[in-house]
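In: okay, structure incoming, though there's no sequence with it:
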């Protein structure tokens, strides 16, 4: 891959693809650029709870649904290009939005930024959560006017 590549691919498995997946791609690019990165190759999988349970069991040993998982291509790598995969459960996104009393658009942005921060090498374990979550909130504030998610195709 050329060092200046900026690619975010969106796929759906077991759930309807949302309208305007290019908005999700552009948002990821803006968030990565805001973290100081200039090159990336990221894929985002939108899926249901069954697929997420399978991924969580296989890669984390947890037999439960979760909202977002990140898979950096090179664990711990912080240099460019940023490479990796993010999986987001759309049913979990909907549950979170209702529980946190936010729009699905806001929750999608939160899950994407959270996943992207993991791809750039950040971790909320081992006492580092304050820095990661603080940056997450800063990025979400910068990108607060972005409309990236809502009505899904039938």
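Out: Okay, I see it. None of the values given here were measured: they were computed from a predicted structure. Residues are numbered from 1 along each chain as shown.
In: contacts, neighbours, all on C-alpha from now
Out: Will do.
In: and what about residue 91, helix, strand or coil?
Out: helix (DSSP: H, G, I helix; E, B strand; the rest coil).
In: which ones are touching it?
Out: 48-49 (Cα atoms under 8 Å, 6 or more residues apart in numbering).
In: do you know how far it is from residue 49?
Out: 6 Å (Cα to Cα, to the nearest Å).
In: ditto for residue 114
Out: In terms of Cα to Cα, residue 114 sits 18 Å off from residue 49.
In: do residue 112 as well
Out: 17 Å.
In: more neighbours: the two, which one.
Out: Remark: of residue 112 and residue 49, residue 112 carries more neighbours, 24 against 19, as counted by other Cα atoms under 10 Å.
In: how many residues are close by the closest residue to the more buried one other than its chain neighbours?
Out: Spatial nearest neighbour of residue 112, chain neighbours left out: residue 28 (7.0 Å); criterion: Cα to Cα, 6 or more residues apart in numbering. Number of residues near residue 28 (other Cα under 10 Å) recorded here: 24.
In: residue contacts, residue 28?
Out: 8, 112-113, 116.
In: how about the helices in the chain?
Out: Using DSSP state H, the helices of the chain run over 21-34, 49-60, 90-100, 104-119, 129-142.
In: JSON lines for the ones you listed, including mean pLDDT and distance to residue 15?
Out: Formatted as JSON lines, the helices of the chain follow (pLDDT from 0 to 100; distance: least, Cα to Cα, whole Å):
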{"stretch": "helix 21-34", "mean pLDDT": "94", "distance to residue 15": "13"}
{"stretch": "helix 49-60", "mean pLDDT": "96", "distance to residue 15": "10"}
{"stretch": "helix 90-100", "mean pLDDT": "96", "distance to residue 15": "8"}
{"stretch": "helix 104-119", "mean pLDDT": "95", "distance to residue 15": "15"}
{"stretch": "helix 129-142", "mean pLDDT": "88", "distance to residue 15": "25"}
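In: which among those is found nearest to residue 148?
Out: Counting by Cα to Cα, residue 148 lies closest to helix 21-34 out of the helices of the chain; the figure is 5.0 Å.
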